[in-house]
Every structure is written in structure tokens, then in C-alpha cells.
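**Student:** Give me a model of this one.
(one chain, ligands or ions: 3)
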Amino acid sequence: MRSPLSEVPDALVAPVQAILRSAGQLILAAEEAGFAIEQKSDKNFVTEIDLAVQKQIVDQLARLTPDYAIMAEEEDLDDPVRDRLVWILDPVDGTTNLMRHNQHSAISLALADGAVVLLGFIYNPFLDELFTAIRGQGVMLNGKPVRASTVNHIKDSLISFGTNPYDRQAAHETFARVERVFLQSLEVRRSGSAALDLAYVACGRYDGFFEQRLQPWDFAAGLLMVQEAGGRVCNWQGLSLDIHRPDSLLASNGKIQDTLFELVRDQNKQEDKP
Ligand code: IPD
Ligand code: CA
Ligand code: CA
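**Tutor:** Numbering: from 1, shown residues only. Ligands and ions are numbered 1, 2, ... in the order given. Presented below is the predicted three-dimensional model:
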């Protein structure tokens, strides 16, 4: 097996940004023109935009980096992916928002080497906001450096949460957590895009975010982004996430992490915090 943590491939940043901006144009044009929607499972939909965006990005990444694997939400493309560099793509994070023209959706793309994320991109074409995280080099929003917030106390914090929409059995637990956080914080939000929730923690618009179950393509880019912005990320047992498996997630600016963790953590599992 190859040794992990290859050099951060900075030279890929500009071409990948161009690929994402061009896919963003596709989203904007198709959203305006109208699009077909298909149901994947209960409460889970895919639009023809998700599929077209995935195809365009996958084709272009395959030309740019022919030796890398690609893991993408709408089709398992490459397996196994732990033995070489892999792109992890969600072509549209926030499909329900897209279906209802809420204009809060993003393309999320990460480059991972084994367990380590090297690059993370989250692009909301509706606001033309491109977040870029480079391992060891911080986070940029449209070319300008951003950091997680400096909010020190949970009482002043704006916290976003995800509803874990595909498992309604867990609703009681989710909303009990939301109630606990709501009562302690400034306010809570439910945006409909986990990738943008993480990008917003990374640039200080939110102070924290949590959701019970997310997929690698939802969180891989955002995980690096929050860490590079000075924040912290763990799962609900207080452990590091494996970017190749679904997991629970809690992210924050770092300063409120311990307090938020106490409100959200999995009470049934007693592992130690990192
Ligand atoms: C979903 C969004 C949503 C989160 C779900 C995700 P999708 O991704 O990130 O905010 O609550 O868990 O599945 O389906 O829009 O790509
Ligand atoms: Ca997603
Ligand atoms: Ca998606």
C-alpha cells in the first residue's frame, strides 16, 4: 500500500476551481430552465441537474487527474479507494433546496489521501461563493482568507443542525438535542445543505453545526475546511471521523466545542473526547 500524506497538490487548485465554476453555470441554467426529479427512497430525491453536474465534473476530473479514483454520491465509480488518491464528490448538496428553488445548494468536492483530506472545495453558484481549503494553508472564500468565529460562549452562538431526514425514527433524539442547544444558544438554524453548514462554520457565519448521520461526500470537504479555519470536528462519540464511512458529526469554531459536545454527544456511548 502507498504511504499516506502525499504532498498537497497545490497546482490542482486553480483548474479544479474552474471545473466547479463551470459546473455552477450548469446548475444555474438548468434551475432556471426546469428539470426532472426522481425519487431515490423515502424523502430522498435526485434531479437531472445532480446527474448532469456529476457527469461533467467526473469527466473533467478524470482528464485532469487520470490516476486518481473518484467516489461520487450518484454512482459508485471506484472501489476500493483507500490505496490511492480519491476525489469525493457531492454534485449537489441541498437537493431539496434545489427542487424548491431555495438557492442554497452547493457542489462539495474533496481530495483525500487515505484518511487525510488534502483539498476541500464547496461552491454555491447562486451566491457565486467558492470556499477553498488547502491542507496546512487555511481557507479562502473567493480568494480572501476566512476563519472560524471568535464567539467564546454558547449563549452567544448561532448553531446549525441537520435533521437526518432519511431516518424519521431518530427524530425524537434529534429534536431533543436541538431543544437543548436552542435553550443554551443565541439561536438555531436548519439550512438544508450540510456542506454549506460546514463552510459557514469555517467562515464564522455559524459557530457550530451537528447532524446525526452524514455521508463522506456531505462532510469530507467541510471537515478539512473547519479544521483549516481554526475550528474542530468530531463525531458524537468524540472521535475523529473516517472520511470513507458515514458518521455523526459535530463541528464548531473550537471555542464552544466542549460545551456543544456535552449538549449533543451520544449519551449511550461513553468513549472519551479527543
Ligand atoms: C443532504 C443535505 C442535508 C442533510 C442530509 C444530506 P443532499 O444532502 O446535506 O442538509 O440534512 O443529511 O443528505 O441529499 O441534498 O445531497
Ligand atoms: Ca449531500
Ligand atoms: Ca447530493
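**Student:** CA atoms for contacts and neighbours, from now on please.
**Tutor:** Noted.
**Student:** quick one, helices of this protein?
**Tutor:** 13-33, 48-64, 95-99, 171-184, 194-202, 216-228, 257-264 (DSSP state H).
**Student:** now those in CSV, with mean pLDDT and mean neighbour count?
**Tutor:** What follows is the helices of the chain, written out as CSV (pLDDT from 0 to 100; neighbours: other C-alpha atoms under 10 Å):
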stretch, mean pLDDT, mean neighbour count
helix 13-33, 94, 16
helix 48-64, 95, 17
helix 95-99, 95, 19
helix 171-184, 96, 16
helix 194-202, 99, 29
helix 216-228, 98, 29
helix 257-264, 98, 18
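**Student:** can you redo the ones you listed as a markdown table with distance to L249?
**Tutor:** Shown next, in a markdown table, are the helices of the chain (distance: least, C-alpha to C-alpha, whole Å):
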| stretch | distance to L249 |
| --- | --- |
| helix 13-33 | 25 |
| helix 48-64 | 24 |
| helix 95-99 | 20 |
| helix 171-184 | 12 |
| helix 194-202 | 10 |
| helix 216-228 | 8 |
| helix 257-264 | 10 |
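**Student:** Spit out the contact partners of the nearest residue to Q54 once chain neighbours are set aside.
**Tutor:** Using C-alpha to C-alpha, 6 or more residues apart in numbering and skipping residues adjacent in sequence, the residue nearest Q54 is P91, 5.0 Å away. P91 makes contacts with D50, L51, V53, Q54, I57, A72, E73, A106, I107, S108, L109, as judged by C-alpha atoms under 8 Å, 6 or more residues apart in numbering.
**Student:** I would like the residues contacting stretch 200-213, please.
**Tutor:** Here stretch 200-213 makes contact (C-alpha under 8 Å, 6+ apart) with 139, 141, 146-151, 157-164, 174, 197-198, 225-231, 236, 246-253, 256-257, 260, 264.
**Student:** Please see if it touches ligand 2.
**Tutor:** No: contact of stretch 200-213 with ligand 2 (C-alpha under 5 Å from the ion) is absent, the minimum separation being 10.9 Å.
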